[in-house]
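J.: quick one: sequence plus predicted model below, questions after.
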Amino acid sequence: MELPILGQEPQASELILGIDLGTTHSLVAVYQHGESRVLRDSEGDALIPSVVSFPEGGPPVVGKAAVERMRLDPLHTIYSAKRLIGRSVEDLEREISTLPYKVVHSEKRDMAMIDLGERLITPQEVSAHILQACRDRAAAELKLDAKSLTKVVITVPAYFDDAQRQATRRSASLAGLEVMRMVSEPTAAALAYGLNKQDNCKVVVFDLGGGTFDVSVLELHDDVFRVIATAGDTHLGGDDFDRAIMVHCAAEIREQSGVEVLADPRARAALRMISEDVKKQLSSNEEAEFVYHDADAGIAYRRTIDWRTFQNWIIPHVQRTLDHCVSALHDAKQTPDSIDEIILVGGSTRVPFVKAAVAQLFNRPANDSINPDEVVALGAAIQAGILGGEVKNALLLDVTPLSLGIGTAEGTVSKIINRNSAIPVQAKEGFTTYVDGQTAVKFTIVQGERELVKDNRTLGEFELRGIPPMAAGLPQIGVRFQLDANGMLRVFAKEEKSGVEASISIEPKHGLTDSEVENMLADAWQNAEQDLETRRIIDLHAQRKNVLRAVHKHQEFAKENLSPKLWDELHEATVAAENIEGSTEAKQIKNCIDDLEGASIALAESLMNDVANNAVKNQKVSDLSS
Amino acid sequence: MASPFELLGLPVTFNLDVSDIDSALRAAGLRWHPDRFACAPITEREHAEEQMAEFNVAHACLSNPLQRAIALLEVFACPYDPSGVNADPEFLMEMLEMKEELAMAKDGDDSTALSKLIFDLRQREQRELMQLSQLFSTWESDQNRSQDLPKLQQLLNQLHYLARTIETSY
């Protein structure tokens, strides 16, 4: 191993981390010694699951350890927070119904919050914990003090609107991190693919993540990456594929057992994990088994899903991604044939049907040579290198995904900055008064492509006051929009005749204010770190007891109905699980739980058959009596 | 205020190469993009944001032939004034018919007819742009510029109309 030479290392405090804050998992990468690399944990894993669990009375648990708590404590284990960030409950109806944890509307903040029972938390707080886990990962891997790592480049979906970008920035402040630049995910991916390639070419980045879809058209020229157009949907991703599987199987379970399985948060969490697993298997196998047992509820469900069936279930979602590709090409004034390369990004592009659909649209195979999970983080690190000055002569020129405008008195939108304008950018528009002697004018700032204010996202409202009384139509009010390189907006208004001015940086409607962030910083982050391993063991024991309780409940039934061999296996596993009481060896406890769960499948199946037989008997009785 | 041509260091002419416009923006970006000032004091960074915003606006303007023409007329102090243009009656008749056909194709959900119409409109736009380019090259070299100005303005007016029609056809 090379020893660092003192004085030649970049100063620790200057190192900027590149973070891919994803819906399902996050990564952290750095640019050092002329290359970017993803930072891994001691087991070699780069992915930090974007899951945070809030055990009652304990400190939050992030990442792998939190994933283990998903089935055990679904109400306090939060995943996909990125889908909620910067949104209101109204925006989220579709996702909320399938989330095992509780999402509520906060009147006070006018935003979606997560109800943990004992308290409400914001999606921003959840993301802040994930960002801190990224920072801690980097500190451990680089052997630096976590406190010295304060600067980050964070990637966001290209199609994130102002409120979502603002909320992401707030998450970073909560985590004590300064965002040096927010980069669009597809753009970051293009950086990772295209750096040091001298050829001038046009590239399409197709980025299908867990929860969001983006497509960007870029022009690469001597290490200058210019985005020409971008399109996408912040509610379209691999989660939709999981949900498609889950909804179909849950419907079949209802038909077979009469149990509305999705009504139970614990079952919902379990079904989601099984669905995800089935989806992953179908990326490399022709078919996969969906197996779900719940002895308590009398469910033993098993179904083979082949790739063709899966394909049919996800066609509508894949079609939407293709529609966005066509619209991005149109905005970029390109055709599929004028594109030199197609880059696949995001774990969901592993689905063979997605790959094939993209290849068909562009009439050539797409490039997925860099791990689609890691490419965005690698690009974020390159952007960090550009900002830190280590990467010379490379530059990223990005665009704003959505048009920005002012709502008029008639309820229509006057567009001030068009979508796909290069950022930073500024633009001005003139307005006047409608009423004689009017001294104040209210402006509604909207983002989106629709003609009417009500169909777009309202980013905020502000008022220009103190206009000297004049006849209607005489005041000349200039409204200036300033959109910075992060895609975030400031608005200025000035009445030219009197010189009266007003300005606001847009506080997201569904976000937090600066002072709220400060208060939360003070409240939430003083918790000292607690031993995670201890937490994990407590959780494992709780899980062990749950399974034992279920088996004990049906012990008599098992004895009568199982074959001697199966009964012995179950009995043995039960005894082993009972005997491990008080152990502090996580691995042993986990093994016992797995064994016991395995041995109880036969019990669940036989319970299920029993329920079914009884149902048939009852029916016959009722048939006779009618 | 500097014209977009001046800002990007490009010759003041209508007939610019798209690749020259793009490479002028890249050069400006490498010099002025805020990413180049990430570690500089905030005042310098804000200045860079403003500069870059101006370059981006100039680039967007010059990349669009219609806006480029309008900016050029500004530079030559004979601004484009749509209200003073006498429209060509023949063109207006043609456009009225076109609009009717577009409406019919849309109402009948006839996507083949619709794409054909949009294709025709684009062809027409290309022809008029060629004409505009020729007209500008003679106009720019002409000492007495007033001569072709009404024709230029009329052509611009038609192009405006075509662009709007195409944009609303989708």
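T.: Here it is on my side, so go on.
J.: is chain B contacted by stretch A:448-456?
T.: No: Stretch A:448-456 stays clear of chain B (CB under 8 Å from any CB of the partner chain), getting no nearer than 11.3 Å. In this view, the C-beta of every residue, glycine as well, is placed from N, C-alpha and C.
J.: contacts for that stretch next, please.
T.: A:161, A:402-403, A:405, A:407-408, A:411-413, A:419, A:444, A:446-447, A:457 (CB atoms under 8 Å, 6 or more residues apart in numbering or on different chains).
J.: first-to-last residue distance for it?
T.: Chord length of stretch A:448-456, first to last residue, is 5 Å (CA to CA, to the nearest Å).
J.: mind checking which of the contacts of stretch A:448-456 are buried?
T.: Among those, the ones that count as buried by 16 or more other CB atoms under 10 Å in any protein chain shown are A:161, A:402, A:403, A:405, A:407, A:413, A:419, A:444, A:446, A:447, A:457.
J.: JSON lines for those residues, including secondary structure?
T.: JSON lines is the format used below for the buried ones among the contacts of stretch A:448-456 (DSSP: H, G, I helix; E, B strand; the rest coil):
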{"residue": "A:161", "secondary structure": "coil"}
{"residue": "A:402", "secondary structure": "coil"}
{"residue": "A:403", "secondary structure": "coil"}
{"residue": "A:405", "secondary structure": "strand"}
{"residue": "A:407", "secondary structure": "strand"}
{"residue": "A:413", "secondary structure": "strand"}
{"residue": "A:419", "secondary structure": "coil"}
{"residue": "A:444", "secondary structure": "strand"}
{"residue": "A:446", "secondary structure": "strand"}
{"residue": "A:447", "secondary structure": "strand"}
{"residue": "A:457", "secondary structure": "strand"}
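J.: and the spatially most central residue of chain B, what does it touch?
T.: The residue lying closest to the centre of chain B (CA atoms, centre = their mean) is residue B:66, at 2.3 Å. Residues counted as contacts of residue B:66 (CB under 8 Å, 6+ apart) are B:156, B:159, B:160, B:163.
J.: likewise residue A:363?
T.: A:336, A:337.
J.: any idea how far it lies from chain B?
T.: 19 Å (CB to the nearest CB, to the nearest Å).
J.: likewise for residue A:554?
T.: 60 Å.
J.: tell me how many other residues crowd residue A:502.
T.: Neighbouring residues of residue A:502 were enumerated by other CB atoms under 10 Å in any protein chain shown; the total is 19.
J.: that one belongs to a strand, doesn't it?
T.: Yes: when three-state DSSP is applied, residue A:502 is found to be in a strand.
J.: the closest residue to it other than its chain neighbours bridge partners, please.
T.: Counting by CB to CB, 6 or more residues apart in numbering or on different chains, residue A:464 is the residue found nearest to residue A:502 once chain neighbours are left out, at 4.5 Å. Beta bridges link residue A:464 to residue A:441, judged by DSSP bridges.
J.: quick one, what contacts the nearest residue to residue A:417 once chain neighbours are set aside?
T.: In space, and not counting its chain neighbours, residue A:417 is closest to residue A:404: 4.4 Å by CB to CB, 6+ apart. By CB under 8 Å, 6+ apart, residue A:404 lies in contact with A:162, A:415, A:416, A:417, A:445, A:446, A:447, A:459, A:481, A:483, A:489.
J.: could you count how many residues lie near the second one?
T.: Same thing as residue A:415. 16.
J.: against residue A:418, how distant is the closest residue to it other than its chain neighbours?
T.: Among residues not flanking residue A:415 along the chain, residue A:405 sits closest, at 4.2 Å (CB to CB, 6+ apart). For residue A:405, the distance to residue A:418 equals 9 Å [CB to CB, to the nearest Å].
J.: between the two, which contacts overlap?
T.: With CB under 8 Å, 6+ apart, residue A:405 and residue A:418 have no common neighbours.
J.: check residue 161 and give its pLDDT.
T.: The chain I'm using is chain A. For residue A:161, the pLDDT comes out at 88.
J.: to clarify, I was referring to chain B.
T.: Taking residue B:161 on its own, its pLDDT is 87.
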